[in-house]
Every structure is written in C-alpha cells, then in structure tokens.
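Enquirer: Fold the following.
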Amino acid sequence: MTILDAVIQGVVQGLTEFLPVSSSGHLAITQHILGVNGEGNLFFNVMLHIGTLVAVIVFYHKLMWSLIKEFFRMLKDIFTGKFRWSEMNYERNLIVMLIIGLLPLFLMFIPIPGTNMKVKDLADMLSASSVLIVTAVSLCLTSLLLLIGIICNKRASQVSFKHMRGSSAGEAGRESYTVVDALCVGVMQVAAALLPGLSRSGSTLAVGEMRGINKQKALDYTFVLGTPSIIAAAALEGLEAVKNPEMMHVEALPTVIGVVVSAVVGYLAIWIFKWFLKSDKMMLFVIYTAVVGISLVVISVMEMTTGANLFTGAPLGNQLFPVS
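Expert: So this is what the prediction gives:
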C-alpha cells in the first residue's frame, strides 16, 4: 500500500464514518477501484476506525466527560437506594439509553442455522467480497431511510409550530429517549454493521426521527452510541488480525498517516453533518446515496456478467452471486 492509497482511504473513512453515506460501503468501493483486497487490509481498516474514534471523542469530550461523572453518581445512587427511574436528568437518561441501545449488538454473535458461521462472520464476508451488489442495494436503502427521516422531522416540526408559535424545525421532537427508542436505534445499528453500504449514522438518525426524537439530540445520541461500538469492533477485528498474521501485512508509515488523516477529516465531518442537519439540507445526502447506489447496481451487474473488475480488469473472486 502506498502513502497516497493510505491518504485516500483515510479521507474516505473520515468523511463517511460520520456523514450519512456509509463508511464501510465507501471503503469497499474505494478498495474495489484501487484493486486493494479488503480482507487482506483488515488491520488497516481497524486502524482507520481508531482514527475516527479519536475524532468523535475530541468533538464530544465535554458531553462524554459529563456522562462519565454522571455515571458514577448514578452508581452511587443505585447502591444507596436513591436511584429513581422517573427522576433521571438528561445525562442519566442518556447513559441508561446508551446501555440499552448497545444490547442488540449481541445479535452479531448469534449462530446462523445450517452453517458454522455467526452473524458477525456474515458481515465480514459481505465487507470483504469483491462483488458490490449488496453494498449498492444498501446505499439505496440508506437514501430511502434518510428521506423517511426528513419527512418525519418535517411533520414533527409542523405539529410543534402549531402548538408552540415561534418554535423552529431544529427544536421539534422529544429530547429524551425511551427504552423502545433505544432498542430501535440499537437494532438499526446492528443492521448497519451487517450490511456494507447501510450508513450507521444515517440509519440510526432516521430511526430516531421516526420515533419523534429531536434531530440534533438524535444525532448526538448516534455519535456517542457509536463510540463503544467502534471500540468493540476495533478490539474484535484487531484480535482477528492478530490470529491471522496474513491480515496484518501493512507498512507502519502508511498506517500512521491513514489514522491521522481519518481523525482530522472525521472531526470536520461531524461539524459538517451537524451544520447540514441544522440547516435542513439533508436532501443532498438522499440524492447522493441514491445516485451512487443506483450507479453501483449497474456496475455490479456488469461485473458479475463479465466476471471481472470493471476498473482494474482483475477477475472477481469470492463471488456472493456467481453468474453461470
């Protein structure tokens, strides 16, 4: 891997991890165009996720620090019998709902009947596949979910305006989550982990808006929820890479550069996303993911027909849907 390849993938990871366009999908597309094997670069992909983890921690450091302090206060109240579910403040509600939202991730370890694979193994297979049809369809699904989220938020804004004159679109919706809200977002996060091309930030934001959550609060929730998810994914994939030395054949300098680039670009992407959401310009992402998804469907069908990578000319391997 060259330094230029590392920079390109770092930019792609940093932008797409937080913008609602799917980092896994765009990394798969980028590696496909560059002719880089996704499975062989597992460790490099993990390190790119570490870079974006740094970005979200730096951006939300005040909120995360307040959550950490409130967590220990809540533990004290639990052990002293002072904890009251109905009296939780915003930070305490967010902590509890973050924990509940993470529970569906255990679905990734459920065995798939008739195989010796788990759901997580299927996710790895789809991400490493040289056939991008699943990524293409998932990008189209991302576009649809974002559109539904926009529609739900506009309806909530209209209702809010009718009942409270002067309220803006950004103020519409609830600020606190319920157990059902958290579980719905958590299940969508699992779907995004399974399907490359389904944006985690976009799909979970859309679910929050469908449930009537304030869009800025929904975005903060999905970013903070992604922090332990990224840590867990990096730990699991890192362990997998250690067990399989062939997956760790990466050079130190390109890896370090890729991490730094993904961290810096990721920080900027969070700021950009929040601005787009506040300015009601999310339709741009709806159009973008739809255009890329539909284009990729066409390219994937052509590649499966010819059996070769359209960009590099290399034969397709690990086909999910072999063409006779």
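Enquirer: okay, and the helix or strand of the chain with the least pLDDT?
Expert: Within the chain, no helix or strand scores below helix 215-243, which has a mean of 81 by mean pLDDT, DSSP states H and E.
Enquirer: That one: which residues count as buried?
Expert: 215, 217-226, 229-230, 233-234, 237-238, 241 (16 or more other Cβ atoms under 10 Å). For every residue, glycine as well, the C-beta is placed using N, CA and C.
Enquirer: Show me what it is packed against.
Expert: For helix 215-243, the packing partners by 3 or more Cβ pairs under 8 Å, 6 or more residues apart in numbering; DSSP states H and E come out as helix 42-59, helix 61-80, helix 90-102, helix 179-194, helix 200-210, helix 252-278.
Enquirer: Report the distance from that helix to the chain centre.
Expert: 8 Å (Cα atoms, centre = their mean, to the nearest Å).
Enquirer: Could you do stretch 141-158 as well?
Expert: 18 Å.
Enquirer: And for stretch 100-117?
Expert: 18 Å.
Enquirer: what about it, average pLDDT?
Expert: Stretch 100-117 carries an average pLDDT of 91.
Enquirer: for that stretch, how far is the first residue from the last?
Expert: Criterion Cα to Cα, to the nearest Å; first-to-last residue distance in stretch 100-117 is 26 Å.
Enquirer: So which residues make contact with that stretch?
Expert: Residues from elsewhere that reach stretch 100-117 (Cβ atoms under 8 Å, 6 or more residues apart in numbering): 118-123, 125, 177, 179, 182-183, 185-187, 189-190, 193-194, 221, 225, 228-229, 232.
Enquirer: Of the helices and strands packed on helix 215-243, flag the one that's most buried.
Expert: Greatest average neighbour count among the helices and strands packed on helix 215-243 goes to helix 200-210 (a mean of 27), per mean count of other Cβ atoms under 10 Å.
Enquirer: quick one, that helix and helix 179-194 angle?
Expert: Interaxial angle of helix 200-210 relative to helix 179-194 (axes from the mean of the first three to the mean of the last three Cα atoms, to 10 degrees): 150 degrees.
Enquirer: Pull the residues that contact helix 200-210.
Expert: Contacts of helix 200-210 (Cβ under 8 Å, 6+ apart): 17-23, 142, 145-146, 148-150, 152-153, 156, 173, 181, 184-185, 188-189, 191-193, 215, 217-219, 221-223, 225-226, 229, 273, 277, 285, 289.
Enquirer: Just the CA trace of it, in CSV.
Expert: Below are the C-alpha coordinates for helix 200-210, written out as CSV (Å, rounded to 0.1, in the frame of the first residue of the first chain):
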residue,chain,number,x,y,z
ARG,A,200,-24.8,3.7,10.7
SER,A,201,-25.1,7.4,11.4
GLY,A,202,-27.8,8.0,8.7
SER,A,203,-30.0,5.0,9.5
THR,A,204,-29.9,5.5,13.3
LEU,A,205,-30.6,9.2,12.9
ALA,A,206,-33.5,8.4,10.7
VAL,A,207,-34.9,5.9,13.2
GLY,A,208,-34.6,8.5,16.0
GLU,A,209,-36.5,11.0,13.8
MET,A,210,-39.2,8.3,13.0
